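> got a predicted structure plus its sequence, pasted below:
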Amino acid sequence: MVQSSNQRLTLEEFLALPEGDITYEFINGEAVPKYKDDEMSPKFFHGSTTGALFILLSAWAQAKGRVVIEWAIKLTRNQQDWMPVADLTYISYNRLPADWLLDEACPVAPELVVEIISPGQTFGEIAEKATDYLKAGVSRVWVVDTRAKMVTIFYPNTLPQTKRGNDTLGDSLLEGITFTPQDIFKQAGII
């Protein structure tokens with residue numbers, strides 16, 4: 001998928017582009033590679049943490065909703081169509097019924113989006129993206145830092161909280177989550 005830098009796409013045109021080996025996000029009318037170069041491409045810590053979170057969240061979400069890895073989400077940012085591809089997404093069956101079985105982007109804002117900082121990305125870049133997710137209707141955003149072994153939780157109406165070690169990640173929205181950052185990184189095999 002190659003796009004001229006001066007050509008703007010509509011969301012429909014973006015969705016009609018052929019699939020390839022590169023994951024693209026739809027930002028400001030452009031198809032933008034999620035990982036811009038080899039420095040940013042996911043490495044072992046990113047991949048194993050994604051797998052660990054998928055296992056832990058899926059066990060918690062059983063009969064509540066679905067957890068999906070790298071699922072595009074149809075949202076709005078700055079009054080424009082925006083389609084980010086989150087590392088992990090949790091959406092309850094209340095927001096998207098269990099019988100919804102279409103092979104397409106998530107059509108509504110999920111309760112939880114997880115972004116794992118890749119090599120070459122900064123916390124500030126991902127924090128800005130987390131703020132955009134919240135403005136678009138996502139209820140919680142977890143930013144996972146595999147190097148510092150911590151998870152920062154972004155909320156719509158309060159300051160972010162950073163969790164480390166044995167701090168529990170659950171809250172009133174994600175009731176019943178009892179696992180901790182230490183559990184994630186132990187499951188991932190990086191501590």
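It's in.

> only C-alpha atoms from now on, for both contacts and neighbour counts.
OK.

> spit out the contact partners of the residue sitting nearest the centre point of the chain.
Among the residues of the chain, the one closest to the centroid is residue 86, at 2.7 Å (CA atoms, centre = their mean). Shown in contact with residue 86 (CA atoms under 8 Å, 6 or more residues apart in numbering): 69-73, 113-115.

> what of residue 96?
Residue 96 touches residue 108, counting by CA under 8 Å, 6+ apart.

> all helices of this structure, in order?
11-16, 44-61, 123-135, 181-187 (DSSP state H).

> mind putting the ones you listed into a markdown table with distance to residue 155, mean neighbour count and mean pLDDT?
Listed next are the helices of the chain as a markdown table, based on distance: least, CA to CA, whole Å; neighbours: other CA atoms under 10 Å; pLDDT from 0 to 100:
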| stretch | distance to residue 155 | mean neighbour count | mean pLDDT |
| --- | --- | --- | --- |
| helix 11-16 | 27 | 13 | 84 |
| helix 44-61 | 18 | 18 | 96 |
| helix 123-135 | 7 | 17 | 96 |
| helix 181-187 | 18 | 20 | 98 |
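
> columns distance to residue 109 on top of those helices, output as TSV?
Shown next, in TSV, are the helices of the chain (distance: least, CA to CA, whole Å):
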stretch	distance to residue 109
helix 11-16	16
helix 44-61	17
helix 123-135	9
helix 181-187	24
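
> closest one to residue 162 among the ones you listed?
Comparison of those against residue 162 by CA to CA identifies helix 181-187 as nearest, at 10.0 Å.

> what residues does residue 26 make contact with?
Counting by CA under 8 Å, 6+ apart, residue 26 has contacts 11, 14, 32, 81-84.

> once you drop chain neighbours, what's closest to residue 98?
With sequence-adjacent residues excluded and distances taken as CA to CA, 6 or more residues apart in numbering, residue 98 is closest to residue 65, at 7.2 Å.

> check contacts around the one you found.
Residue 65 touches 90-94, 98, counting by CA under 8 Å, 6+ apart.

> cool, residue 69 as well?
Applying CA under 8 Å, 6+ apart, the residues near residue 69 are 50, 54, 86-89.

> what's the most distant pair in those?
Taking CA to CA as the measure, the contacts of residue 69 span a maximum distance of 12.5 Å, between 54 and 86.
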